[in-house]
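J.: Requesting a structural model of the entry that follows:
(2 chains)
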Amino acid sequence: MFDTKITEMFGVKYPIFCGAMMWLSIPPLCAAISEAGGIGNLTAGNYETEEEFRAALDEVRKQTDKPFMVGITILPSLRITGEHHAMYVKVCAEEKVAGVEISGAPLDRGLGMDAVETLKKANVKMFQKVGAVRHAVHVAKVGYDGIYAAGIEEGGHPLNDDVSTMILTPRITEEVDIPVVTVGGIADGRSIAAALTLGADGVMMGSRFIATKECPCHDNIKKELLKRQEFDTTIFGQSIGLQGRALKSKVIDEVIKIEESGGGLEDLIPLISGHRIKEAWENGNVDFAPLMVGQSIGLIKEIVTVKELFETMAKEAAETLEKASKKIKK
Amino acid sequence: MFKTRITELLGIKYPILMGGMQWLSYAELVAAVSEAGGMGFIPAASFEDPEGLRAEIKRTRDLTDKPIGLNISMLPEFSEGELTMDYLAVGIEEKVNAIETAGRSPETLVPSIKEAKIPLIHKVPQVRFAKKAAGLGADAVTIVGFECGGHPGMADVTSLILINKASKVLDIPILAAGGIVDGKSFLAALALGADGVVMGTRFMASKESIVHKNFKDWFINATENDTTVLLRSIYNPMRVMENDTAKKVREIEARGTTLEELITYASGKVGKKAYETGDTKMGVIAVGECVGLIDDIKSVKEIVEGMVAEAETDLKRLHGIFNG
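T.: A predicted model of the protein is given here:
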């Protein structure tokens, strides 16, 4: 049904990746997505020891023999250090995972060219999440296999260049020869058709996968996403140098108030720590910690299985193409 | 050949509109877009009095017999006040072929426009305003994304999401604005459910555009990182090109200021002078992020026909992806 550089590179049915989501991109969701024909994500930062990380890889492989990515975020963190990053890369190479999604610093700068060589030798595909053309150009030169082009509409940490998907995807495809995957604003068949039109070879989604039956978070949050609209997310964290996009909530109001009154990281940490966010996903209280979702939540209308989601998206994308063809009559 | 609800509503060949750009969309540029098969809009805000607008409509009619539109922006800080109804009256008397309203609800204007049987397009940055406009009787809505030049609204939602959402929840046709610059973005907008597109920045960077050559050179070299959003502090965000004036406005906004002080810098009149003198450091110049995708200065006809050809090619490419 889909024939793109991404479906060819990974031998998958759908050119649809799941993005790295702390506390959510763990074996059950990762395996469900890959098994349904997309490309799941196992987010390494969920695991603080090599044993735990290897066990999680095994867990995914027990549930599916299809390819999946490992998400590695190379940013300063209190919990996950440079040693963790190096361990993740080493294990990914040894285990010959299909690919890695790197966000934050690129591998060459975060870990050195050795890391790039190690992964290349093991045929682990390297993708970097970027929000700017210059970052895409850099990693293409370093030898990466693909780019995740993340527009300002994405949940998580969009680059503060604030460039939207409509511009970023075509701009990056102009400048690099490796496949580009659109991130930010993708939630249905129309948006995948639009991304492919803009020159992408695939898409990445995060928020849309949260509202699936397989996502390991509390049902309250899934139901809450159905109620929320595209204007119900906000940017925070600009004062600490790392902007994030999260669902509007009481806790985000509080975070923004602290930022506006000149509070620093130490004032914010109690509200935005990773463990607090983990607890929020588990207890289902949307006002407990920032939930990093994108503007695409305005397009989510039902909680479905991953398989149903992909089938609906593919059908809608094909219909979209038909409708567009009718608008452009020869 | 294109056939959408917009080409039918407006009686035009291609569903490609040029937004009414203050101090820029004069007769020559407007007529060029209409002649090329799209539709140009004359902004009332470029004229000090309704008779000035009337003269410009007549001048445009001399250049083309194709449909042309009138834009009436009711933005608070540049408001022409009570004159709005007088400009509208001129548009109706001169039988413009469409009216685009923006800035606030077109409610007070709707009865006269309906009575004159002129298609009404209302421009909005959010889906709920679009619904309201549809309820008031608008024939179509233009939905502008965060990436657009000019006024993207307070919610910062991007085109990719807004077009998709608006066309799913509204029954009237949607025009996409913000990020549209070539055949790819045109086709993407149609795929997302739009029945047409509105462009500003791309037409500013055309041979027929009256902006000084220095600005055209800037468009060619600028990237998507060379725009910035100002005036959020007065709840009327505006995306403009990054320059000395933008820096100055950002500074005075950060320290807190009065509307009067802001207008000294942010008034369109400063921009008008800059367009003429070619001083690109001066004025708040509305430009969208799509400027990063503009690499050349073409004639309006080349822009429109290039978009159509590219959209058709991309459609074939997409069929290949799906059937491959």
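J.: surely residue B:229 meets residue B:152?
T.: Yes: counting by Cβ atoms under 8 Å, residue B:229 does reach residue B:152; the two are 7.1 Å apart. (Glycine included, C-beta is placed from N, CA and C.)
J.: Can you pull the residues that touch both of these two?
T.: B:237, B:239 (Cβ atoms under 8 Å, 6 or more residues apart in numbering or on different chains).
J.: Low-confidence stretches in the chain?
T.: Using chain A. Counting by pLDDT under 70, chain A contains low-confidence ranges at A:330.
J.: please go with chain B instead
T.: Ranges of chain B meeting pLDDT under 70: B:75-82, B:324.
J.: can you list the domains in it?
T.: Residue ranges for the domains of chain B, per automatic domain parsing: B:5-210+B:297-323, B:220-289.
J.: Just the CA trace of stretch B:118-134, in CSV.
T.: Extracted in CSV, the C-alpha atoms of stretch B:118-134 (Å, rounded to 0.1, in the frame of the first residue of the first chain):
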residue,chain,number,x,y,z
ILE,B,118,-21.2,39.1,-3.1
PRO,B,119,-19.4,36.0,-1.8
LEU,B,120,-18.1,36.6,1.8
ILE,B,121,-14.9,35.1,3.0
HIS,B,122,-14.0,35.6,6.6
LYS,B,123,-10.4,35.2,7.8
VAL,B,124,-9.8,33.6,11.2
PRO,B,125,-6.9,32.0,13.2
GLN,B,126,-9.1,29.5,15.1
VAL,B,127,-11.7,26.9,14.3
ARG,B,128,-14.2,28.3,16.7
PHE,B,129,-14.2,31.7,15.0
ALA,B,130,-14.6,29.9,11.7
LYS,B,131,-17.7,28.2,13.0
LYS,B,132,-19.1,31.5,14.2
ALA,B,133,-18.5,33.1,10.8
ALA,B,134,-20.2,30.1,9.1
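J.: Show me where the stretch 151-300 of chain A has its strands.
T.: A:180-183, A:202-205, A:233-236, A:244-247 (DSSP state E, counting those that start in this stretch).
J.: Relative to the first one, what are the paired strands and their orientations?
T.: Think strand A:180-183. strand A:146-150 (parallel), strand A:202-205 (parallel) (DSSP bridges).
J.: Then the third one?
T.: Based on DSSP bridges, the pairing partners of strand A:233-236 within the sheet are strand A:244-247 (antiparallel).
J.: Show me which residues of the stretch 51-200 of chain A sit near chain B.
T.: With Cβ under 8 Å from any Cβ of the partner chain as the criterion, the stretch 51-200 of chain A meets chain B at residues A:132-133, A:151-153, A:161-168, A:170-171, A:174, A:184-186, A:188, A:190-191, A:193-199.
J.: Weed out the non-buried ones from these.
T.: A:132-133, A:151-153, A:161-168, A:170-171, A:184-186, A:188, A:190-191, A:193-199 (16 or more other Cβ atoms under 10 Å in any protein chain shown).
J.: Just say which of the domains of chain B is most tucked in.
T.: Counting by mean count of other Cβ atoms under 10 Å in any protein chain shown, domain B:5-210+B:297-323 has the highest mean neighbour count of the domains of chain B, with a mean of 22.
J.: and the longest helix for chain A?
T.: If you go by DSSP state H, chain A has its longest helix at helix A:306-327.
J.: so does it get close to chain B?
T.: Yes: Helix A:306-327 lies within reach of chain B by Cβ under 8 Å from any Cβ, at A:317, A:318, A:320, A:321, A:323, A:324, A:325, A:326, A:327.
J.: okay if I get these as TSV plus neighbour count?
T.: Below are the residues of helix A:306-327 next to chain B laid out as TSV (neighbours: other Cβ atoms under 10 Å in any protein chain shown):
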residue	neighbour count
A:317	26
A:318	16
A:320	24
A:321	23
A:323	14
A:324	25
A:325	16
A:326	11
A:327	22
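J.: Turn these into CSV, including distance to residue A:294.
T.: Formatted as CSV, the residues of helix A:306-327 next to chain B follow (distance: Cβ to Cβ, whole Å):
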residue, distance to residue A:294
A:317, 19
A:318, 24
A:320, 20
A:321, 24
A:323, 25
A:324, 24
A:325, 29
A:326, 30
A:327, 28
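J.: contacting residues for residue B:279?
T.: B:214, B:273.
J.: If we use 7 Å, what do you get?
T.: Listed by Cβ atoms under 7 Å, 6 or more residues apart in numbering or on different chains, residue B:279 has no contact partners.
J.: Wait, a helix at it?
T.: No: going by DSSP: H, G, I helix; E, B strand; the rest coil, the assignment for residue B:279 is coil, not a helix.
J.: What are the phi and psi values at it?
T.: phi -80, psi 90 (degrees, to the nearest 10).
J.: And the strands in chain B?
T.: With DSSP state E, the ranges of strands along chain B come out as B:16-18, B:39-43, B:69-73, B:98-102, B:120-124, B:140-144, B:174-177, B:196-199, B:227-230, B:238-241.
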